[in-house]
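Enquirer: quick one, fold the following:
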Amino acid sequence: MFAGIEQEDCYGIVIDAGSSGSRLHIFKWTDPSTFDALKHPTERLKSVPKIEQSKDWTFKVSPGLSSYEHKTNKAFSQHIHPLLKKAEKIIPSNKLKDTPVFVHATAGMRLIPEKKRNAILHDVCSNIQKSTKFKMVDCSSQVQIIDGETEGIYGWIGLNYLLGNFDNYNMYAKDHFTVGFMDMGGASAQIAFVPSNKDEVERYKSDISTVYLRSMNGDTQEWDVFVSTWLGFGANQARARYLAQLVNALPENTNNYDDDDFRTRVISDPCMPKGCKTKFKFKDTKFDVTGLGDFDQCSKSIYPLLLKNIPCSEDHCLFNGVHTPGIDFSKDKFVGISEFWYTPNDVFNLGGEYSFEKFSARVKEFCNTDWDTIERKSENGEYNGIPEDFLKEACFKSNWIINVLHEGFEFPHENHKSSNGNDDGENYPMFQSLDKVTDIDLSWTLGRIVLYASGMIGVSQNSKTVGIEPSARSAKAQGSSFNPGFINGHKSTIQGSGRIIPIIFVFVFLGLVSYLIKMKKLSNMTSRLHQFQQVGSRFRYKMSEIRSRLQDMGGFESTPDLEAGNGTMSRSRSLRNPLSLLKSKSMFNLDSPKHKAGIAQSSPDLDDGRPLSDGLQSSQSSANMRPSFSMADFSKFQNDDSIA
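Expert: Just a heads-up that it's a prediction; the model follows:
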């Protein structure tokens, strides 16, 4: 941040490789190294970098990256390359080599075999390096399958960035208001929020991840975030589990799990409008489904899918046995995206602030309406041109949302408002579904870039490393202290923790060993010097006796400087203090490089010592060399604690 330097732009690309398609997002921000602090107000300096987006900077291809399971060598050429060609037309050519590309796949890629996944990721990354000019430093961190928790935290960062909750950050304030993030895709669901009850944060610290961002002035923003994910609880996967439940619930099908010789191939579904028909395949068997149009029965049939019956090891669990800190719905506010928005908004025009009473009434009316009437209304434009297949599933998906919110996350049915805790007293609804904030799409990809851009800022005196520290429980589940899904954003440290962390600890270990060896040598040398001093003292005592006797005999005359080690014997020869010999080249030459008593120290700066995410940035302390020691220095050295 220097005045007078011409401001330059940085660009970044994140490709959200989802289950139904891949969407490329382009982002732009000011290079922090060229940011002129004198031209901006204090509030701007206490905020994270300002990220620019445009509705024309997003491109999508379908189907998803996982569709290349059986043609892995085509993943880049047919899927990713067309997206990057679009980006090349927007990003200045002289910026391409400095523009990182992150290809992060989500739930869809998690479901295909590992060997196929790795082949797809390798094809994508290697060809980005060979066939494009974009910045691809490390494949393991830039092209990867992120876990649901990482996706949830990125989403939380992106949401709160757009809401301005990372602006004008006061690092000395105890409480900062944020909004919880909820996402429901086709395969998984996530929640990420900062519990307002600090006692809950301390009580369940092992469940809490920590997000470190950096303001433009170099100060660290520290956020304690609870995040959890439920694979298989996305709308499409829940629907598949629901249909399988209908098949297996029939008595005549109960005993056919081994041979899959299902007697009944026609299934009645209360979660489809009456008279609606569709087909699906289960265990390689095709089934016909006929809608019953019964809202109440649909709700009862869906409830078991939440798996609330799974034992909870803690005091409070949501569903599927997953524990969460207590949620205070008068203070903890939430925004839902993706499936929380699509069906409520597109079918019922009820996106935005959520009302259980209004939404459940409209869903009930829809579910109990016969299919012919729904088709007629659709032709008249009542459902915003939603495709017929989506309308067939709207009753189930709407009921699933209601069940997840109120039975799963235990939202109260009344949607009261209360103060968000800010000085302005602005009120937030308990839950709202959104797809945009200030005309910017809500996407976890924005959170990824906020983290990256924040990591480019120079540190202040007390700054911690930018990144995501996974919760202790998450790290333990991954089998190490570091979750490979979590990465930070510094442009010079994109590489994953799998490479950087071991290197750091190797250098720390070698430095420590070298230090101990040197200290051992110094200790041994000091011990030997003590021995020489003792010998010298005895020798001086003996010489003193001899001198006295000689003087009595009249044989020798002495000079007055013997005790200082520089005295001489007259006449035929001189005697030197044995200690003076230690200064000569013939013994312990402490002035030579081989025997210098100085200590060089160089160790990674791990901030507060806690493990951080992939791409952990470290700094080297400068080597601190002490000069060589003369004999007179050793008595001082023995009591000089600063040397360690």
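Enquirer: for residue 74, what are its contacts?
Expert: Residues in contact with residue 74, defined by Cβ atoms under 8 Å, 6 or more residues apart in numbering, are 68, 123. To be clear about C-beta, it is placed using only N, CA and C from the backbone, and glycine gets the same treatment.
Enquirer: how far away is it from residue 60?
Expert: The gap separating residue 74 from residue 60 is 18 Å, by Cβ to Cβ, to the nearest Å.
Enquirer: with residue 191 instead?
Expert: The gap separating residue 191 from residue 60 is 26 Å, by Cβ to Cβ.
Enquirer: cool, and residue 179?
Expert: As for residue 179, its distance to residue 60 is 26 Å (criterion: Cβ to Cβ).
Enquirer: which one's more surrounded, these two?
Expert: Remark: of residue 179 and residue 60, residue 179 carries more neighbours, 21 against 14, as counted by other Cβ atoms under 10 Å.
Enquirer: isn't the more buried one up against residue 161?
Expert: No: the pair formed by residue 179 and residue 161 falls short of the contact definition of Cβ atoms under 8 Å, at 10.9 Å.
Enquirer: contact partners for residue 372?
Expert: Per Cβ under 8 Å, 6+ apart, neighbours of residue 372: residue 275.
Enquirer: backbone dihedrals for the residue lying closest to residue 62 once chain neighbours are set aside, both of them.
Expert: Excluding its sequence neighbours, the residue lying closest to residue 62 (Cβ to Cβ, 6 or more residues apart in numbering) is residue 21, at 3.8 Å. For residue 21, the backbone dihedrals (degrees, to the nearest 10) come out as phi 170, psi 170.
Enquirer: what is the neighbour count of residue 21?
Expert: Applying other Cβ under 10 Å, I find that residue 21 has 16 neighbouring residues.
Enquirer: check residue 202 too.
Expert: 11.
Enquirer: next one: residue 123
Expert: A count of nearby residues for residue 123, using other Cβ under 10 Å, gives 21.
Enquirer: go on, residue 198?
Expert: Applying other Cβ under 10 Å, we find 12 residues neighbouring residue 198.
Enquirer: and it, how far is that from residue 408?
Expert: Shown here: residue 198 relative to residue 408, a distance of 25 Å by Cβ to Cβ.
Enquirer: list the contacts of residue 359.
Expert: By Cβ under 8 Å, 6+ apart, residue 359 lies in contact with 344, 348, 350, 398, 402.
Enquirer: show me what counts as buried in the host helix or strand of it.
Expert: Using DSSP states H and E, residue 359 sits within helix 356-367. Judged by neighbour count (16 or more other Cβ atoms under 10 Å), helix 356-367 contains these buried residues: 356, 359, 360, 362, 363, 364, 366, 367.
Enquirer: and those as TSV, adding distance to residue 45?
Expert: Below are those laid out as TSV (distance: Cβ to Cβ, whole Å):
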residue	distance to residue 45
356	43
359	43
360	47
362	47
363	48
364	52
366	51
367	53
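Enquirer: and of these, the nearest to residue 94?
Expert: Residue 94 lies nearest to residue 359 out of these, by Cβ to Cβ, at 50.7 Å.
Enquirer: do you know the pLDDT at that closest one?
Expert: With respect to pLDDT, residue 359 scores 96.
Enquirer: same question for residue 284.
Expert: What the model reports for residue 284 is a pLDDT of 79.
Enquirer: number of residues surrounding residue 221?
Expert: Neighbour tally, residue 221, other Cβ under 10 Å: 22.
Enquirer: quick check: residue 457 touching residue 220?
Expert: No: in this structure, residue 457 is not within contact of residue 220 by Cβ under 8 Å, at 9.9 Å.
Enquirer: next, the contact list for residue 134, please.
Expert: 13, 84, 96, 97, 99, 100, 101, 128.
Enquirer: quickly note the distance from the fifth one to residue 105.
Expert: Read it as residue 99. Residue 99 is 20 Å from residue 105, by Cβ to Cβ.
Enquirer: shaky segments in the chain?
Expert: Regions of the chain meeting the criterion pLDDT under 70 cover residues 1-5, 251-264, 415-426, 460-463, 478-644.
Enquirer: and the longest strand along it, which strands flank it?
Expert: Counting by DSSP state E, the longest strand found in the chain is strand 220-231. With DSSP bridges as the test, strand 220-231 is paired with strand 188-193 (antiparallel), strand 208-214 (antiparallel).
Enquirer: which one of these is the most hemmed in?
Expert: strand 188-193 (a mean of 27; mean count of other Cβ atoms under 10 Å).
Enquirer: from residue 102, how far out is residue 160?
Expert: 20 Å.
Enquirer: more neighbours: which of the two?
Expert: Neighbour count, other Cβ under 10 Å: between residue 160 and residue 102, residue 160 has more, with 29 against 23.
Enquirer: what about that one, is that helix, strand or coil?
Expert: helix (DSSP: H, G, I helix; E, B strand; the rest coil).
Enquirer: do the same with residue 27
Expert: From three-state DSSP, the assignment for residue 27 is strand.
Enquirer: hmm, it is touching residue 52, no?
Expert: Yes: counting by Cβ under 8 Å, residue 52 is a contact partner of residue 27 at 6.9 Å.
Enquirer: who's more crowded, these two?
Expert: Neighbours per residue (other Cβ under 10 Å) separate residue 27 from residue 52, with residue 27 holding more: 22 against 14.
Enquirer: can you pull the contacts of that one?
Expert: The contact partners of residue 27, taken as Cβ under 8 Å, 6+ apart, are 11, 12, 13, 14, 51, 52, 53, 57, 446, 449, 453.
Enquirer: just the buried subset of those, please.
Expert: The buried subset of the contacts of residue 27 - by 16+ other Cβ under 10 Å - is 11, 12, 13, 14, 51, 53, 57, 446, 449, 453.
Enquirer: distance of the last one from residue 27?
Expert: It stands for residue 453. Going from residue 453 to residue 27 by Cβ to Cβ gives 8 Å.
Enquirer: which residues do those two both contact?
Expert: Residues touching both residue 453 and residue 27 (Cβ under 8 Å, 6+ apart): 12, 51.
Enquirer: which one is residue 331 nearest to, not counting chain neighbours?
Expert: Leaving out its chain neighbours, the residue that sits closest to residue 331 by Cβ to Cβ, 6+ apart is residue 196, at 4.0 Å.
Enquirer: ignore what I typed, I meant residue 142.
Expert: residue 102 (5.3 Å).
Enquirer: bridged to that neighbour, which residues?
Expert: Residue 102 has the following beta-bridge partners by DSSP bridges: residue 14.
Enquirer: residues contacting it?
Expert: Residue 102 touches 12, 13, 14, 15, 142, 143, 448, 452, counting by Cβ under 8 Å, 6+ apart.
Enquirer: list the contacts for the fifth one?
Expert: Spelled out, it's residue 142. 100, 101, 102, 103, 125, 136, 494.
Enquirer: any chance of those in JSON lines, plus distance to residue 442?
Expert: Shown next, in JSON lines, are the contacts of residue 142 (distance: Cβ to Cβ, whole Å):
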{"residue": "100", "distance to residue 442": "22"}
{"residue": "101", "distance to residue 442": "22"}
{"residue": "102", "distance to residue 442": "18"}
{"residue": "103", "distance to residue 442": "20"}
{"residue": "125", "distance to residue 442": "27"}
{"residue": "136", "distance to residue 442": "27"}
{"residue": "494", "distance to residue 442": "25"}
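Enquirer: name the member of those residues with the most neighbours.
Expert: Within the contacts of residue 142, most neighbours by other Cβ under 10 Å means residue 103, with 29 neighbours.
Enquirer: roughly how far does that residue sit from residue 162?
Expert: Residue 103 is 23 Å from residue 162, by Cβ to Cβ.
Enquirer: of residue 99 and residue 105, give the one with the bigger neighbour count.
Expert: Between residue 99 and residue 105, residue 105 has the larger neighbour count (other Cβ under 10 Å), namely 25 against 21.
Enquirer: the nearest residue to residue 26 once chain neighbours are set aside and residue 436, how far apart?
Expert: Distance criterion Cβ to Cβ, 6+ apart; nearest residue to residue 26, sequence neighbours excluded, is residue 57 at 3.8 Å. Note on residue 57: its distance to residue 436, by Cβ to Cβ, is 14 Å.
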